[in-house]
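> Below is the structure, and that's it, no one-letter string:
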């Protein structure tokens, strides 16, 4: 099936469909801490209902559970705040972006993918002094989030079990390098990174490629370069984001 839509039309569909993926990740990530809280509350109830004074060991056990519950509440608060930020990507323009924090936040939501959570070893090599992006392209966060989602789906499709994310600074801007530890992503996927699509022209897309092509088009139309390199450690995908002063 051939689909012809403008880049803006497809971007609107991308923003709407992102809500479903967001809810899936939110439900999955809340499930663990809520289960832990339920078990700790039940044990607390059992300990405190008993008659008499609590022993020192019981006091220590209650204190430990309270600290653990506090940590779970903080985790839930973080997840909800993160989800709120992700939900607003298509509406509110974030003028300041910490790329390192953005990548870590995205990875936490990708754990909703059970293959990624249980099979993929992720290694982060983040530049400690990476500058904050000021006034980045409007749809940068949304497009990067979906590009990472496409990578995760490729890992699962080809049973790849390693993902290396590296950030660095070059004369061209902030670089995000994606490496699968020597294992190859499909050539058909890698070829899509070379597409040059004018934003003013309709996109002609075969349906199973629509997601990746759209994301690459959005990234490139925003001035972000998407390149591939082959080195001894395997193929690299490098996104370069210009730094606006």
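Nice, thanks for sending it over. Keep in mind the model is a prediction, meaning the values are calculated, not measured. Numbering: from 1, shown residues only.

> So residue 235 lies in a strand, does it not?
Yes. Assessed by DSSP: H, G, I helix; E, B strand; the rest coil, residue 235 belongs to a strand.

> Quick check: the gap between it and residue 34.
Residue 235 is 40 Å from residue 34, where distance means C-beta to C-beta, to the nearest Å. In short, each C-beta sits where N, CA and C put it, glycine included.

> Give me the distance between stretch 175-193 and the centre of its chain.
On the basis of C-alpha atoms, centre = their mean, to the nearest Å, stretch 175-193 sits 17 Å off its chain's mean C-alpha point.

> Mind listing residues that contact it?
For stretch 175-193, the surrounding residues in contact (C-beta atoms under 8 Å, 6 or more residues apart in numbering) are 99, 103, 144, 150-151, 154-155, 157-158, 160-169, 209, 212-213, 216, 226-228, 233-241.

> 6 Å instead, please
Identification of contacts with stretch 175-193 by C-beta atoms under 6 Å, 6 or more residues apart in numbering yields 154, 160, 162, 164, 166-168, 212-213, 226, 228, 234, 236-240.

> In strands, which of these fall?
When the contacts of stretch 175-193 are checked against strands (DSSP state E), the matches are 162, 164, 166-168, 226, 228, 234, 236-240.

> ok, and the most crowded of those?
Counting neighbours by other C-beta atoms under 10 Å, residue 239 leads the ones in strands among the contacts of stretch 175-193 with 22 neighbours.

> so where is this protein shaky, pLDDT-wise?
1-29, 47, 49-52, 78-79, 81-94, 196-210, 232-233, 245 (pLDDT under 70).

> And the helices in it?
With DSSP state H, the ranges of helices along the chain come out as 7-49, 56-87, 99-110, 114-119, 140-157, 187-192, 210-221.

> tally of neighbours for the closest residue to residue 243 other than its chain neighbours?
The shortest distance from residue 243 to any non-neighbouring residue, by C-beta to C-beta, 6 or more residues apart in numbering, is to residue 173 (4.8 Å). Counted by other C-beta under 10 Å, the residues lying close to residue 173 total 17.

> can you pull up the bridge partners for residue 173?
residue 170 (DSSP bridges).

> give the contact list for it.
Here residue 173 is in contact with 240, 241, 242, 243 (criterion: C-beta under 6 Å, 6+ apart).

> Could you single out the nearest of those to residue 117?
residue 241 (27.8 Å; C-beta to C-beta).

> So what's the residue count around that closest one?
Residue 241, neighbours per other C-beta under 10 Å, totals 22.

> higher neighbour count, residue 235 and residue 34?
Just comparing residue 235 and residue 34: by other C-beta under 10 Å the higher neighbour count belongs to residue 235, 17 against 12.

> Can you give me the neighbour number for residue 153?
With other C-beta under 10 Å as criterion, residue 153 counts 16.

> which residues touch residue 113?
Neighbours of residue 113 in contact, by C-beta under 6 Å, 6+ apart: residue 152.

> Use 30 as the first number from now on
All set: I'll call the first residue 30, so the last point we hit is now residue 142.

> how much space between it and residue 181?
In terms of C-beta to C-beta, residue 142 sits 6 Å off from residue 181.

> Against residue 270, how distant is residue 215?
25 Å.

> now swap in residue 203 and tell me
As for residue 203, its distance to residue 270 is 5 Å (criterion: C-beta to C-beta).

> again with residue 141
For residue 141 relative to residue 270 (C-beta to C-beta), the value is 26 Å.

> Over to residue 241?
Residue 241 is 19 Å from residue 270, by C-beta to C-beta.

> Kindly report the same for residue 124.
Applying C-beta to C-beta to residue 124 and residue 270 gives a distance of 14 Å.

> Work out which residue lies at the spatial centre of this protein.
Nearest to the mean C-alpha position of the chain, counting by C-alpha atoms, centre = their mean, stands residue 135 at 2.1 Å.
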